[in-house]
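Peer 1: Take a look and give me a structure for this.
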Amino acid sequence: MITVVRAGPLTTVQDLGRPGYAHLGVPRSGALDRPAARRANALAGNDAAAAVLETTLMGCALRFGAPARVAVTGATAGLTLDGARVDGPVVDVPAGAVLDVARATSGVRSYVAVAGGIAVEPVLGSRSADTLSGLGPPRLTDGMNLPLGPGAVGSGTDGSEAAGAPPVFAGEIRLGVRFGPRDDWFAEPTALFRDAYTVSPLSNRVGARLAGPALARGRAGELPSEGVVLGAVQVPADGRPLVFLADHPTTGGYPVIGVVDDVTPLAQARPGTTVRFHELD
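Peer 2: Numbering: from 1, shown residues only. This next block holds a predicted model:
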């Protein structure tokens, strides 16, 4: 059992999500930075699908009731064990000790994997917290207890993922986009590629809001609500793009100009990060 000493502003339980339920109005959810979550699990000796903790900017602190192997990946953040600094990404924590994941110095989200995995009750086959619908476990709060699953250190480890290099957080990210289905609603769809945008502070697990030049509509009127997918670039009434992330709704009423092929860079993009789009074949 783990006791949450300091929950941080938004720490949630996440795994690889619950795909296959969009037709029922349930988004995939899951870890925003899937490579980081998979690497944390590999380092902790877990299966790739084991549940981990996803922190946001300010980290968290956890007390362990029994000895545990813990791996921390994703955003760059200092680690302390009972107040003493320790080197990561893997830490062997003795019973009763408190591991503190500090404020991220680069990136946004850290992933904390514990040998055995976080064993909260699954919902629709996943232990992921969906911040939009409320499905899955609630966000962490101070004093909360989290159960751990059984499992020996080293079981299920994918050596290639464990050996993966930590990410490099750049001040500018490039996102590949395929046009459609509603690029014909815009006067000049390629304007999306002409200018740079910046990540807005209003971004969250639902979507990354972007600040920058507005995209001009070429068609007036209302668009009936229709399905949207992970990475959909929706353009609201103000003309500024919004890239849907893991907790996105399954339908939307604004035109989608295109779909980003990989949203992973946005998981670690801080407000003010420059975003440039480029067209994919």
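
Peer 1: ranges for the strands of the stretch 1-150 of the chain?
Peer 2: 2-6, 12-14, 52-54, 60-64, 68-81, 84-86, 90-93, 98-114, 145-146 (DSSP state E, counting those that start in this stretch).

Peer 1: Not counting the third one itself, show me its contacts.
Peer 2: Here strand 52-54 makes contact (CB atoms under 8 Å, 6 or more residues apart in numbering) with 11-15, 31-32, 37, 40-41, 60, 109-114, 117-118, 140. Every C-beta, even on glycine, is put in place using the N, C-alpha and C of the backbone.

Peer 1: So for the longest helix seen in the chain, what gets flagged as buried?
Peer 2: What stands out as the longest helix in the chain, according to DSSP state H, is helix 34-44. Residues of helix 34-44 classed as buried: 34-44 (neighbour count, 16 or more other CB atoms under 10 Å).

Peer 1: quick check: domain ranges of this protein?
Peer 2: Split into domains by automatic domain parsing, the chain comes to 2-162, 172-279.

Peer 1: deepest of those, which one?
Peer 2: The highest average neighbour count among the domains of the chain, using mean count of other CB atoms under 10 Å, belongs to domain 2-162 at a mean of 19.

Peer 1: so how far is Asn145 from the residue nearest the centre of the chain?
Peer 2: For the chain, the residue nearest the mean C-alpha position is Leu32 (1.8 Å; CA atoms, centre = their mean). Distance from Leu32 to Asn145, counting by CB to CB, to the nearest Å: 25 Å.

Peer 1: got it, and Asp183?
Peer 2: Applying CB to CB, the value for Asp183 to Asn145 is 49 Å.

Peer 1: Stretch 211-225: end-to-end distance?
Peer 2: Between the start and the finish of stretch 211-225 there is a gap of 24 Å, counting by CA to CA, to the nearest Å.

Peer 1: average pLDDT for that stretch?
Peer 2: Stretch 211-225 comes out with an average pLDDT of 93.

Peer 1: next one: stretch 173-190
Peer 2: Averaging pLDDT along stretch 173-190 yields 97.

Peer 1: what's the answer for stretch 114-134, then?
Peer 2: Mean pLDDT, stretch 114-134: 97.

Peer 1: And for stretch 89-100?
Peer 2: Rounded mean pLDDT across stretch 89-100 is 97.

Peer 1: Show me the contact partners of that stretch.
Peer 2: By CB under 8 Å, 6+ apart, the surrounding residues in contact with stretch 89-100 are 5-6, 40, 43-44, 59-73, 79-83, 166.

Peer 1: Fine by me, thanks again.
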